[in-house]
Each structure stands twice: as structure tokens, then as C-alpha cells.
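>>> Next come a sequence and a model predicted from it.
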Amino acid sequence: MSRTASPTAQDFVPFATAALDFHRALNIPGGPLVTARTELDALHAHLVALHGLLDAHAVRTGQLVAVEGDQLRAARTRIWQVADHLHAAYHAAPRPDSGEVPDREPCQTGLPEGAPELTICQRHQRTAHLARRRTTPADLHAPFTGLVRH
């Protein structure tokens, strides 16, 4: 069994990276001073997709190369932590129509802003379920992975 992807496999990750770099270069210098909730929602979606990709790699690779699998699982956990902070930033950001900062309680309903535009809470809750299933609570809240396998 081969341990690497086939040479004909399409690699779209560089395109995603280039798109983020392009977005930053175009929108940040002349854009608003405060990050819009729609951008926080889009960034959260990007991180959740990256979390899913790292999860798939961690599961497959960990079966073949334990040390690499450990590092990928740690990266997956850190991406989840970043997504969790973005979710919190979203709820700390003022609403565009009123400037009001909403409470987090409506987040539990899954659609505090209404469908279909902003579904950050539904996405966050689905990914939180996976993160809790694949990671210990201690790992989710640890400031350092502590990985030192030789």
C-alpha cells in the first residue's frame, strides 16, 4: 500500500492559500477597521473545512506513521481552537444593522442571524461534536500539545 497520494491527484490547497492571500491584499488595506460578521463567518467556514481535511489526514496517516499522525491530530486540535475563537469573535462583533452586540444564548438555537446567510452556529456545533469525539477535553483546552515522541 502506497503511503503517498498519486501524482495525478489534484491539489487545490495552494489555490485556497492564494485566495486568502489575495483577499487580504485587496480587502484589508482599504477595508473597514472592524472585521465584518460576514467575513468572520466565511473565515470560520474556511477553518472548519481545514479542520475536516486535517482530521481525514490524521486518521489515515496515524494508522501508518504514528508520530506524523500525532502531529496532524495536534494541528487539527489547534485549528479547532482557532475556529472556536473566531466563533467567539463573531458573537462579540456588532450587528451591521443596529450596532448591537448580541448574547451568545441565541447561538444554541443554531441560527441567531437567520437562515441562510449566516449559519456559523450550526457549523460550529457540528464541528464541535466531531472535535469532542476525537479529542479529550484536556487537549481541547491545553495551551501546548506536549507532543514529544521520538
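Noted; the coordinates are in hand.

>>> State the distance from R123 to G52.
Look at R123 and G52: by Cβ to Cβ, to the nearest Å, they are 11 Å apart. (C-beta placed from N, C-alpha, C; glycine too.)

>>> State the helix or strand in which the residue nearest to the spatial centre of the chain lies.
In the chain, the centroid-proximal residue (Cα atoms, centre = their mean) is L47; its distance is 2.5 Å. Assigned by DSSP states H and E, L47 belongs to helix 37-64.

>>> what packs against that helix?
Packed against helix 37-64 by the contact rule (3 or more Cβ pairs under 8 Å, 6 or more residues apart in numbering; DSSP states H and E) you find helix 13-27, helix 66-92, helix 120-134.

>>> Show me the shaky parts of the protein.
Residue ranges of the chain with pLDDT under 70: 1-9, 102-118, 143-150.

>>> E100: how many residues sit nearby?
8 (other Cβ atoms under 10 Å).

>>> scratch that, A92
A92: 12 neighbours (other Cβ under 10 Å).

>>> ok, now how distant is it from G31?
Taking Cβ to Cβ, one finds A92 at 19 Å from G31.
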